[in-house]
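S.K.: Next comes the sequence, and after it the predicted model I'd like to discuss.
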Amino acid sequence: MPKDSKGNSYEHKSSGVNSQGNHYCSRDFGNGSNAYHYSNSNGSYYYSNSDGSKYYNDGKGAGYFSPPAASGSDGDSSSKK
């Protein structure tokens with residue numbers, strides 16, 4: 001079984017190219033958490049990670065990261081990098 005960069009084992013669920021020409025890939029970590037990413041034809045990409053964090057890059061140099069929601073948190077604390 002393959003492992004992610006943190007050493008967590010996962011099963012590949014699906015991947016392919018959608019009708020807009022965007023690549024996607026989905027992973028199942030077997031503990032109720034999943035992850036997926038899109039690489040878009042316009043150069044942008046998006047990651048939704050198994051820990052709940054998210055990352056978006058617009059393909060023009062701007063990146064946006066949202067950390068995992070903390071227990072008791074009521075909002076999304078996105079930061080631009």
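M.R.: Cool, got the structure. Residues are numbered from 1 along each chain as shown.
S.K.: From here on, just use CA atoms for contacts and neighbour counts.
M.R.: Fine.
S.K.: nearest spatial neighbour of residue 38, skipping sequence neighbours?
M.R.: Once flanking residues are discounted, residue 38 sits nearest to residue 24: 4.4 Å by C-alpha to C-alpha, 6 or more residues apart in numbering.
S.K.: For that neighbour, give its distance to residue 14.
M.R.: Relative to residue 14, residue 24 is positioned 8 Å away (C-alpha to C-alpha, to the nearest Å).
S.K.: what about residue 16, distance to residue 68?
M.R.: For residue 16, the distance to residue 68 - C-alpha to C-alpha - is 27 Å.
S.K.: quick one: which of those two has more around it?
M.R.: Per other C-alpha atoms under 10 Å, whichever of residue 16 and residue 68 has more neighbours is residue 68, with 15 against 12.
S.K.: Which helix or strand contains the more buried one?
M.R.: For residue 68, there is no host helix or strand (DSSP states H and E).
S.K.: was I right about it contacting residue 53?
M.R.: Yes. If you go by C-alpha atoms under 8 Å, residue 68 and residue 53 touch, sitting 4.3 Å apart.
S.K.: any weak-confidence spans in the chain?
M.R.: 71-81 (pLDDT under 70).
S.K.: wait, isn't the residue nearest to residue 38 in contact with residue 16?
M.R.: Yes. Counting by C-alpha under 8 Å, residue 24 touches residue 16, with 5.6 Å between them.
S.K.: which residues does residue 64 bridge with?
M.R.: residue 56, residue 80 (DSSP bridges).
S.K.: And for it, the neighbour number?
M.R.: Per other C-alpha under 10 Å, the neighbour tally for residue 64 reads 14.
S.K.: How much space separates it from residue 46?
M.R.: According to C-alpha to C-alpha, residue 64 and residue 46 sit 9 Å apart.
S.K.: what sits in contact with each of the two?
M.R.: Both residue 64 and residue 46 are contacted by 55-57, under the criterion C-alpha atoms under 8 Å, 6 or more residues apart in numbering.
S.K.: ok, of those residues, which one's closest to residue 34?
M.R.: Checking the shared contacts of residue 64 and residue 46 against residue 34 with C-alpha to C-alpha, the nearest one is residue 55 at 14.8 Å.
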